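Participant: give me a model of this one.
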Amino acid sequence: MELGCRIWLWGIALLLTWSVASLLRLRRTLVGAVPLAGEPGVLLADHIPSPFVLGLFRPRIYLPSDLPEGERGYILLHERTHIRRLDHLTRALAWLAAVVHWFNPAVWLAFHLAG
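Facilitator: I've put the predicted structure just below:
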């Protein structure tokens, strides 16, 4: 029982460490992000492949800087819908559940299907 508990805790520690490292890597990528004129909470960033929302308490929308202007309106509407529905919080809680239940394939399947 003790060995199983140790393995479970090590799995949690490894996933949390990986999560923090990934977030730090993403933050380094976003260092040069600039605000989009006339759109509060929206930033343009180089070196990102697709738009996303980042932040738990003050979520911000990050758009690739090479995104055509004609598509921005639709994408901003889409990302703001995610923020309004609190999807960024739901995703964080789902990730936390996956970290705690890392040994359960059904939880990983649910996490990926919810995304």
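
Participant: ok, longest helix in this structure?
Facilitator: helix 2-29 (DSSP state H).

Participant: what sits up against stretch 14-23?
Facilitator: Residues outside stretch 14-23 that contact it (CB atoms under 8 Å, 6 or more residues apart in numbering): 95, 98-99, 102. All C-beta atoms are positioned from the backbone trio N, CA, C, and that covers glycine.

Participant: wait, what's in contact with L67?
Facilitator: Shown in contact with L67 (CB under 8 Å, 6+ apart): 44, 51, 75.

Participant: sorry, that was for G41
Facilitator: Per CB under 8 Å, 6+ apart, neighbours of G41: 58-61.

Participant: on that earlier part again, tell me the one of the contacts of stretch 14-23 nearest P68?
Facilitator: Nearest to P68 out of the contacts of stretch 14-23 is W95 (CB to CB; 31.3 Å).

Participant: check which helix or strand covers that closest one.
Facilitator: helix 87-100 (DSSP states H and E).

Participant: what's the next secondary structure element after that helix?
Facilitator: helix 105-114.

Participant: tell me, what residue is most central in the chain?
Facilitator: The chain has L54 as the residue nearest its centroid, 5.8 Å off, counting by CA atoms, centre = their mean.

Participant: hey, what's that one bridged with?
Facilitator: When bridges are called by DSSP bridges, L54 pairs up with R60.

Participant: list the residues that contact it.
Facilitator: 26, 30, 60, 62, 88.

Participant: run through the bridge partners of the nearest residue in space to the second one that is not next to it in sequence.
Facilitator: The spatial neighbour of L30 that comes closest, neighbours along the chain excluded (CB to CB, 6 or more residues apart in numbering), is A45 at 5.3 Å. When assigned by DSSP bridges, A45 has beta-bridge partners P64.

Participant: burial check on L30, number of neighbours?
Facilitator: By other CB atoms under 10 Å, 16 other residues sit near L30.

Participant: ok, it - contacts?
Facilitator: Contacts of L30 (CB under 8 Å, 6+ apart): 43, 45, 48, 54, 62.
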